[in-house]
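Visitor: could you work out the structure for the sequence below:
(chains A and B)
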There are 2 protein chains.
Amino acid sequence: MFSINAIASTISQISNIPHPFLATVASENAPIILSGVLLTLIVIYLASKLGSEVAKRLDLPPVLGELVAGVIVGVTALRLVIFPEGEFTASDSLIMSVLQYLNQLNPESVNRIFETQSEVVSVLSELGVIILLFEIGLESDVRQLKEVGIQAFVVAFIGVIAPFAGGTIGLMYFFHVATIPAIFAGAALTATSIGITSKVLAEIGQLKSKEGQIIVGAAVIDDVLGIIVLAVVASLAKTGEVDITNVFILLVSAIAFLFGSILLGGIFNKAFVGLVSKLKTRGNIVIPAFIFAYIMAFIGNAIHLEGILGAFAAGLVLDETDARNELDDLIKPVADLLVPIFFVTVGAKADLSVLNPMISENRSGLLIAAFLLVVAIVGKVITGWVVFGVPDVNRLAIGIGMVPRGEVGLVFAGIGTASGAINKPLEVAIIIMVILTTFLAPPFLRIAFGKNQEAEVPISG
Amino acid sequence: MFSINAIASTISQISNIPHPFLATVASENAPIILSGVLLTLIVIYLASKLGSEVAKRLDLPPVLGELVAGVIVGVTALRLVIFPEGEFTASDSLIMSVLQYLNQLNPESVNRIFETQSEVVSVLSELGVIILLFEIGLESDVRQLKEVGIQAFVVAFIGVIAPFAGGTIGLMYFFHVATIPAIFAGAALTATSIGITSKVLAEIGQLKSKEGQIIVGAAVIDDVLGIIVLAVVASLAKTGEVDITNVFILLVSAIAFLFGSILLGGIFNKAFVGLVSKLKTRGNIVIPAFIFAYIMAFIGNAIHLEGILGAFAAGLVLDETDARNELDDLIKPVADLLVPIFFVTVGAKADLSVLNPMISENRSGLLIAAFLLVVAIVGKVITGWVVFGVPDVNRLAIGIGMVPRGEVGLVFAGIGTASGAINKPLEVAIIIMVILTTFLAPPFLRIAFGKNQEAEVPISG
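Guide: Predicted structure coming up:
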């Protein structure tokens, strides 16, 4: 079949029919956007495979390799995969320059194409982390999660309180930072990255261990707590007061969502299995499963929680079904294709130039960064020792599992700077803390679990 | 992990921090775009499953059900899945209205979100047809394709010449249409839709039959010939002359691309198998395969052919490898998730209101449409009888396999109208011809092959 867009491009190329004509039948840039997406995906896949394979051979977690490979192709180094969110335009991107050359585009169209293709890659990356959490939910065991629920809650709670208090007080006391910026930076220390932690756990075959389930449970609760902290700090910074109503609504909807989906799960389960057994065309299992995951992700997003929380809950629910083993196999190749887009993109967006001590703004940030890094690590590692009632549990592994921070730290940094609440050195310090916890945690998590526990299946099918 | 975008949305919601702040850390609309994409995918998946299951039970090809379901959710009826390519804005879309209500957006942001999410869905749909053709390439047999190559070429050639000549001459003689518009309409009759035909062939288990391979081979060649016809007609309409150089370049690059990729295939094959056996991390087969498919699709796009031709060639090459069976299994769930997006989108974009005889513009088009439809069907069905040297071949099936027209007809219609070359009734007639050939061919193809040949495996895994 002809693609309407490729045709429009061909015609535009051959005949120079003015754009308005073609715009009536198709966005004339669509084939170039597709080319841009294809090139970006080729770069991301090459980077992810090179990175994960090198990491594997160095006995490091493959996901760390993907993150580092992302850094190399991203804003820090090669700038093949960059996003207009920073100060970048199409002319900073080698991929866009290639497309511009091939299609003889004017700068304005190139910038529009750059923005749209970046948006497409961002959505693919978000779908990647949604599918990752769906897969993690499928691989998690609801009964075991319920068993360790109280431990997970304590770990999450202490893991939010300790770094928040330590960071805020330490900054005020040692660095004479004012209250509001200190609270901002403290809040940036709170949230654990479920994605990175659970991926490493899956890679080393520890997702279903008691420690693994405590970490995943705690990371999920942490995510919810983090959103609430964010709501509190954001309203504090703006009005000096906390909007209790909003915080309350968030809290209630989060609890209702997580518990509601698990309770409704039992009912839905039977309906799902019944439905799947009646379907006779291709995709009879995978399409209903994705409809469910996407609906849950949409609800998570719509109530201002997280899409990934919804996908995780969907995975937990479907984990209980008879179709589960088959679904596991079907989801793997889809995850293999979408999840690396997420990790490479995270790496690509991390600007490591903040680590350069030759830039004076960075220098004053580096000392604060060292302090924040210590608080970020210690504040999470101690959570392993608050776990009670579970004999022979690997406390160090649990603590380290909570260390990697997500992009939320970067959001705090960005908003803090933009609103004038924090200055550049503090922003740089937060960014360094996020990057280092994210990159340091995977290898140490593996060491904490002991290398002999290796269990990844190399063939993904 | 926190998604930077969901956070930005939360903050914007809670704190009313102005957009420029958030724009520095993230496109503030990104979580809403993600929600829009999720909702659209949910609708597309529901439609595709409902459509294909109903079709299956009515003993019709599932893909026809997907197309019809697309019509129902698309521009013709429910308008859940619409694209800004027509005269539509966000306010025509129910999904956008839901998002606008949930997020209290102003009309300008809604329109921007509508455009971006439509772009994302369009790219997903293009990736869907790329993966479909990759899968068809994998399932095709190079040796058999070579064996039937000359037959396929003859079928394609006659299948372009006959409807082109019949349509052009008939319009001039019976309907007193002027030369240029008659040539335009004639050209719109030429191209076969590989996607729809090959999907039906796969569904009825006829892809590897001699007839199936002749149809697929002819449809591929037809695609190339169609692009050349398009180049000729477009330059003819513009300058009254044919740009020989461009046509020649297209022809040479098409031939070089198809033959080159098959010749290089042998060498690449060994490298691919060697590489895959050395990889030790997840996605060791599927990622290299997709890198290859995407590179080929990009090249196809870049030389102003088609991305899908590249993907088909990539599938043909990898078909020869030892990893093939495993790759087949891995690609199925990915195809199951992406291919329906393509077919539902095709249906959603088809505006069936042109069939309404109450609109006077349509009335004058309906008679011409009836004529074009006859030429479109007869001109392709006769190609079955030009096949020579293949005893006991199902000639009717080959002819019917060539009948469905792709969107190229719609492009011709749109460009013809925009450039003033054709009038509204002729445009309507072309659109009706494309829609009816697309929707009529699948059931008749199945009948031509005989229903007893049914071979679809209901479980896609």
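Visitor: please count neighbours and contacts with C-alpha atoms only from this point.
Guide: Fine.
Visitor: tell me which element the residue nearest to residue A:105 when sequence neighbours are not counted is part of?
Guide: Of all residues not flanking residue A:105 in the chain, residue A:99 sits nearest, at 8.0 Å (C-alpha to C-alpha, 6 or more residues apart in numbering or on different chains). Secondary structure assigned from DSSP states H and E places residue A:99 in helix A:94-103.
Visitor: which ones are touching the residue nearest to residue A:105?
Guide: A:32, A:35, A:36, A:105 (C-alpha atoms under 8 Å, 6 or more residues apart in numbering or on different chains).
Visitor: what mean pLDDT does the one helix or strand the first one maps to get?
Guide: So the one you mean is residue A:32. Assigned by DSSP H and E, residue A:32 belongs to helix A:30-57. In this model, helix A:30-57 carries a mean pLDDT of 93.
Visitor: buried residues in that helix?
Guide: For helix A:30-57, a neighbour-count test (16 or more other C-alpha atoms under 10 Å in any protein chain shown) marks A:30-56 as buried.
Visitor: chain B versus the most centrally placed residue in chain A, what's the distance?
Guide: By C-alpha atoms, centre = their mean, chain A has its centre lying nearest to residue A:195, at 5.4 Å. Look at residue A:195 and chain B: by C-alpha to the nearest C-alpha, to the nearest Å, they are 5 Å apart.
Visitor: my guess is that residue contacts residue A:133. True?
Guide: Yes. Counting by C-alpha atoms under 8 Å, residue A:195 does reach residue A:133; the two are 7.1 Å apart.
Visitor: domain boundaries for chain A, per the record?
Guide: A:4-122, A:124-453 (automatic domain parsing).
Visitor: any idea which of those scores lowest on pLDDT?
Guide: Across the domains of chain A, the lowest-scoring stretch is domain A:4-122, with a mean of 79.
Visitor: which element is the closest residue to residue A:34 other than its chain neighbours on?
Guide: Sequence neighbours aside, residue B:123 is the residue nearest to residue A:34 in space, at 6.2 Å (criterion: C-alpha to C-alpha, 6+ apart). According to DSSP H and E, residue B:123 maps onto helix B:107-139.
Visitor: show me what counts as buried in the helix or strand following that helix.
Guide: Following helix B:107-139 in sequence order, the next helix or strand is helix B:142-147 (DSSP H and E). Residues B:142, B:145 are the ones in helix B:142-147 that count as buried (16+ other C-alpha under 10 Å).
Visitor: same check, this time on stretch A:248-267
Guide: Here stretch A:248-267 shows A:250, A:251, A:253, A:254, A:257, A:258, A:261, A:262, A:265 as buried, counting by 16+ other C-alpha under 10 Å.
Visitor: cool, stretch A:57-72 as well?
Guide: Those would be A:60-72, for stretch A:57-72 by 16+ other C-alpha under 10 Å.
Visitor: what's the closest of those to chain B?
Guide: residue A:62 (7.2 Å; C-alpha to the nearest C-alpha).
Visitor: skipping adjacent residues, who's closest to that closest one in space?
Guide: Nearest residue to residue A:62 in three dimensions, chain neighbours excluded: residue A:52, at 4.1 Å (C-alpha to C-alpha, 6+ apart).
Visitor: looks like the one you found contacts residue A:64 (just checking).
Guide: Yes. If you go by C-alpha under 8 Å, residue A:52 and residue A:64 touch, sitting 7.3 Å apart.
Visitor: now do the helices in the stretch 201-350 of chain A.
Guide: A:210-239, A:244-278, A:286-302, A:307-319, A:324-349 (DSSP state H, counting those that start in this stretch).
Visitor: against which helices or strands is the first one packed?
Guide: Contact partners of helix A:210-239 among helices and strands, from 3 or more C-alpha pairs under 8 Å, 6 or more residues apart in numbering or on different chains; DSSP states H and E: helix A:142-147, helix A:149-174, helix A:179-188, helix A:194-203, helix A:244-278, helix A:395-401, helix B:4-15.
Visitor: my read: residue A:151 touches residue A:387, true?
Guide: Yes. Proximity of residue A:151 to residue A:387 meets the contact threshold set by C-alpha under 8 Å, at 5.6 Å.
Visitor: output the buried residues of stretch A:248-267 as a markdown table; include the columns distance to chain B.
Guide: What follows is these, written out as a markdown table (distance: C-alpha to the nearest C-alpha, whole Å):
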| residue | distance to chain B |
| --- | --- |
| A:250 | 10 |
| A:251 | 13 |
| A:253 | 14 |
| A:254 | 13 |
| A:257 | 17 |
| A:258 | 16 |
| A:261 | 18 |
| A:262 | 21 |
| A:265 | 19 |
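Visitor: which residues touch the residue nearest to residue A:145 when sequence neighbours are not counted?
Guide: Setting aside the residues directly before and after it, residue A:145 is nearest to residue A:213 in space (C-alpha to C-alpha, 6+ apart), at 6.0 Å. Neighbouring residues of residue A:213 by C-alpha under 8 Å, 6+ apart: A:140, A:141, A:144, A:145, A:148, A:207.
Visitor: and the gap between the second one and residue A:212?
Guide: So the one you mean is residue A:141. In this view, residue A:141 and residue A:212 are 11 Å apart by C-alpha to C-alpha, to the nearest Å.
Visitor: more crowded one of these two?
Guide: Using other C-alpha atoms under 10 Å in any protein chain shown as the criterion, residue A:141 and residue A:212 rank with residue A:212 on top: 24 against 20.
Visitor: give me every residue in the stretch 251-400 of chain A lying close to chain B.
Guide: A:279-288, A:291, A:294-295, A:297-298, A:301-302, A:304-306, A:326, A:329-331, A:333-334, A:336-337 (C-alpha under 8 Å from any C-alpha of the partner chain).
Visitor: okay, now residue A:420: neighbour count?
Guide: Residue A:420: 12 neighbours (other C-alpha under 10 Å).
Visitor: now residue A:176
Guide: 11.
Visitor: residue A:359 now?
Guide: Residue neighbour count, defined by other C-alpha under 10 Å, stands at 11 for residue A:359.
Visitor: what's near enough to touch it?
Guide: Applying C-alpha under 8 Å, 6+ apart, no residues qualify as near residue A:359.
Visitor: quick one, phi psi at it?
Guide: phi -90, psi 120 (degrees, to the nearest 10).
Visitor: could you report the separation of it from residue A:428?
Guide: For residue A:359, the distance to residue A:428 - C-alpha to C-alpha - is 11 Å.
Visitor: with residue A:76 instead?
Guide: 15 Å.
Visitor: and residue A:89, by the same measure?
Guide: 23 Å.
Visitor: same deal with residue A:278?
Guide: Distance from residue A:278 to residue A:428, by C-alpha to C-alpha: 56 Å.
Visitor: which one's more surrounded, those two?
Guide: Set side by side, residue A:278 and residue A:428 show more neighbours around residue A:428, with 26 against 10, by other C-alpha under 10 Å.
Visitor: can I assume residue A:36 is in contact with residue A:95?
Guide: Yes. Assessed by C-alpha under 8 Å, residue A:36 is found in contact with residue A:95 at 6.9 Å.
Visitor: next, count neighbours for whatever residue of the stretch 51-200 of chain A ends up closest to chain B.
Guide: Of all residues in the stretch 51-200 of chain A, the one sitting closest to chain B is residue A:193 (3.6 Å; C-alpha to the nearest C-alpha). Other residues near residue A:193 number 25, with proximity taken as other C-alpha under 10 Å.
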